[in-house]
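> Whatever this is, show me its structure:
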Amino acid sequence: EFGGVAQLLIVNQDFVSSHDVETGEVLWEHDWPGSSSMDANVAQPVVIPGDRLLLSKGYGVGAELVQVINDEDEGWVTKTIWKNNRVMKTKFTNLAIKDGYAYGLDDGVLSCIEIDSGRRQWKRGRYGQGQILMVGDSLLVMAEDGRLAMAAASPDGYQLFGEMQAIDGQTWNNPCLYGHYLLVRNADEAACYELP
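Numbers count the residues shown, from 1 in each chain. Below you'll find the predicted structure:
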């Protein structure tokens with residue numbers, strides 16, 4: 001929702017677009033160059049309170065914080081607040097947001113940035129092009145090699161609580177938490193873990 005208007009956001013090959021949820025009409029577009037054969041746009045956009053949108057992308061692009069404004073004269077317009085090609089270079093993973101900070105796999109390394117400034121707080125722990133899931137004050141990290149790790153969702157630094165080999169083989173899939181059951185899978189196998 002931007003300016004009190006519900007919108008459907010889509011990351012396309014070269015831009016992000018917003019559509020009216022009833023009619024599908026394009027409300028606005030924001031350039032976000034990409035190429036499906038080389039540097040695809042894969043990570044989902046994240047709506048941030050205050051009519052802002054956080055974009056992230058691998059392939060050396062980084063992240064961008066965009067403000068979405070419904071101007072009386074110009075209609076819907078987007079304005080870049082900051083752009084930083086050194087942070088949140090996500091490929092397959094989506095970002096997790098908590099208390100003004102974004103967490104994600106920046107070129108395969110777990111990272112935290114301050115949303116308002118785009119400044120990196122920390123970057124540590126190699127997980128490849130896996131996925132993350134925010135659970136309360138913790139991050140469940142599904143590594144590309146099938147490891148499952150649990151770390152603190154805190155801007156104060158990287159705090160690893162533990163990890164285990166959950167499945168074998170290349171894993172790009174999102175983990176799923178249902179109650180106290182954690183489901184993980186890749187192209188070869190799936191597993192369900194009962195969490196305490």
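
> Tell me who's in contact with the closest residue to Q159 other than its chain neighbours.
Spatial nearest neighbour of Q159, chain neighbours left out: A152 (3.9 Å); criterion: CB to CB, 6 or more residues apart in numbering. In this view, the C-beta of every residue, glycine as well, is placed from N, C-alpha and C. Taking CB atoms under 8 Å, 6 or more residues apart in numbering, we find A152 in contact with 137-139, 158-159, 161.

> and these, which are buried?
139, 158 (16 or more other CB atoms under 10 Å).

> Make a markdown table from the contacts of A152 and add secondary structure to it.
Output for the contacts of A152, formatted as a markdown table (DSSP: H, G, I helix; E, B strand; the rest coil):
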| residue | secondary structure |
| --- | --- |
| D137 | coil |
| S138 | strand |
| L139 | strand |
| Y158 | coil |
| Q159 | coil |
| F161 | strand |
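
> ok, the contacts of A152 vs N94, which is closest?
L139 (12.1 Å; CB to CB).

> and that closest one, what pLDDT?
Listed pLDDT for L139 reads 97.

> Likewise for V42?
85.

> Wait, it touches F92, no?
Yes. Using CB atoms under 8 Å, V42 is in contact with F92, at 5.7 Å.

> who's in contact with the residue nearest to K83 when sequence neighbours are not counted?
The shortest distance from K83 to any non-neighbouring residue, by CB to CB, 6+ apart, is to E64 (4.5 Å). The contact partners of E64, taken as CB under 8 Å, 6+ apart, are 32, 54-56, 80, 82-84.

> Quick one: neighbours of Q13, just the number.
Neighbourhood size, Q13 [other CB atoms under 10 Å]: 13.

> swap in W122?
17.

> got a list of what it touches?
111-112, 155, 157-158.

> do that again at 10 Å, thanks
103, 109-113, 154-159 (CB atoms under 10 Å, 6 or more residues apart in numbering).

> anything in contact with each of V42 and F92?
With CB under 10 Å, 6+ apart, V42 and F92 have common neighbours 58, 129.

> which stretches of this protein form helices?
In the chain, no segments count as helices under DSSP state H.

> So which of the contacts of E64 are in strands?
54-56, 80, 82-84 (DSSP state E).

> Farthest from the middle of this protein: give me that residue.
D73 (32.7 Å; CA atoms, centre = their mean).

> In terms of pLDDT, where does it sit?
With respect to pLDDT, D73 scores 95.

> L53 contacts S18, correct?
Yes. Using CB atoms under 10 Å, L53 is in contact with S18, at 9.0 Å.

> got any residues that touch both of the two?
2, 9, 30, 45, 68, 78.

> residues in contact with the first one?
Same thing as F2. 9, 18, 27-28, 47, 50-53, 67-70, 76, 78.
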